[in-house]
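Participant: generate coordinates for the sequence data below:
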Amino acid sequence: MGISLFRHGLAGIAGLLICSVASIGPIPPIGPAAAQGPPAAVAKANLYIEVAKGTERAVDSWERYASWVNMKTGPTGKERYISYGMYGLYDMAGLFKEARAAAARKPDTPALDRVIQRYLDAYEALAPVINQADDYYEQKKYRADNAAGGKALHLRMVPLANTFLTERDSMMKQLRPFIRETEQQELLAIEAREGRSRAWQVAQVMHAANLIVDVFPRARPVVMSADEIDEKIMAIGPRTSGAKLDEIIAGVKPPATAAVDVGRFDKALKEYAAAVDTFDRFAQANPDKLEDFKPLPRRLLDGLRALREPLVRSQGRDAGSAGRVADIYFSMVSESSSISGSRLQFLP
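Facilitator: Here you go, the predicted model:
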């Protein structure tokens, strides 16, 4: 559990999001039928979600590289873990073509559409250089040229990677609010079609749960060098905290600036509590309609309330028993999908 927390962000709920997608099960790709069907916002959101997920391998590849190389000087060919190399990237041309076309379609999301275009450009500039570096290290070419090729690649990759990561951060900040707006549209459509039905009850409590999870920063952690990890291992003693052990095992440290805005947390928690009250009234009147999902919203509420005290005490930096809360949340995501009928893909 600790590995997931620190590898992917704040030691809290959001830090578990990426690693836990596998527990939800496979997410179907966007095909022609989905793209043609209403609402248009769902099709557009899903396409952009696919872009975000499909390109994250570039982030993982860069972090793998940063785990063994000195980012200031570049490779020397003598690094202990140089064989780690990088991850090769996939061909995204088809998906990118669809995404560029979607930017011109309804609904109008000009700020998001602009940043998506910049993000695609940044990825396309970086990807071939990463793939060239992946081949260079996979074939151990640094042995023949004393890492000269690696140094040249390093100089090319650093500015391209910095631009890509900056654009990714900008893109994700625009994409998540659009997804939540689209969830709200789905919720209104369900209510208009069938009233506050079983599907509506589940969709409304999941929307509120997603909004509170969004309060937790998704800033990625700082990758530790191999030497730094070795130093920390040598310093392990009987008083070493579990959090520090988790950092060593994962090879990363939480970013210094990652903190929960407690004011936003309180506001989202109040709204989620109201959604749970509405859901529980329905569940009491319809005990057989909600299957394994029924107890989960209240359990998540109890867990989130327990997080508040450590968050307040630490000014948003200690999420307490966030692992347990994240487990409940992902169970909700999994159990809700077949009940609410939402066509939106899940973005970790």
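
Participant: now the helix or strand containing Glu186: average pLDDT?
Facilitator: For Glu186, the host element (DSSP states H and E) is helix 148-194. Taken as a whole, helix 148-194 has a mean pLDDT of 96.

Participant: next one: stretch 283-293
Facilitator: 91.

Participant: list the buried residues in it.
Facilitator: 283, 290, 293 (16 or more other CB atoms under 10 Å). The C-beta positions use only the backbone N, C-alpha and C, and glycine is treated the same way.

Participant: wait, the last one sits on Ser337?
Facilitator: Read it as Phe293. No: Phe293 lies out of contact with Ser337 (CB atoms under 8 Å); the separation is 9.9 Å.

Participant: residue farthest from the centroid of the chain?
Facilitator: The outermost residue of the chain relative to its centre, with distances by CA atoms, centre = their mean, is Ala144 at 39.0 Å.

Participant: still on that earlier bit, between the buried residues of stretch 283-293, which is closest to Val202?
Facilitator: Phe293 (6.3 Å; CB to CB).

Participant: got a list of what that closest one touches?
Facilitator: 202, 332, 335-336, 339 (CB atoms under 8 Å, 6 or more residues apart in numbering).

Participant: how about a cut-off of 10 Å?
Facilitator: Counting by CB atoms under 10 Å, 6 or more residues apart in numbering, Phe293 makes contact with 198, 201-202, 205-206, 279, 283, 331-332, 334-340.

Participant: quickly list what's touching both of Phe293 and Ser337.
Facilitator: 202, 206.

Participant: keeping just the C-alphas, turn stretch 287-301 into CSV.
Facilitator: In CSV, the C-alpha atoms belonging to stretch 287-301 read as follows (Å, rounded to 0.1, in the frame of the first residue of the first chain):
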residue,chain,number,x,y,z
PRO,A,287,-32.8,-2.6,0.5
ASP,A,288,-32.6,-5.2,-2.4
LYS,A,289,-31.8,-2.8,-5.2
LEU,A,290,-28.2,-1.8,-4.5
GLU,A,291,-26.4,-5.1,-3.9
ASP,A,292,-22.8,-4.8,-2.6
PHE,A,293,-22.7,-1.0,-3.2
LYS,A,294,-25.2,-0.3,-0.5
PRO,A,295,-22.9,0.1,2.6
LEU,A,296,-19.9,1.7,0.8
PRO,A,297,-20.9,5.4,0.6
ARG,A,298,-21.4,5.6,4.4
ARG,A,299,-18.1,3.8,5.0
LEU,A,300,-16.3,6.3,2.8
LEU,A,301,-18.0,9.1,4.7
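
Participant: and stretch 167-185, which residues are buried?
Facilitator: Taking 16+ other CB under 10 Å as the criterion, stretch 167-185 shows 167-168, 170-171, 174-176, 178-180, 182-183, 185 as buried.

Participant: doesn't Gly88 fall inside a helix?
Facilitator: No: counting by DSSP: H, G, I helix; E, B strand; the rest coil, Gly88 falls outside a helix, being coil.
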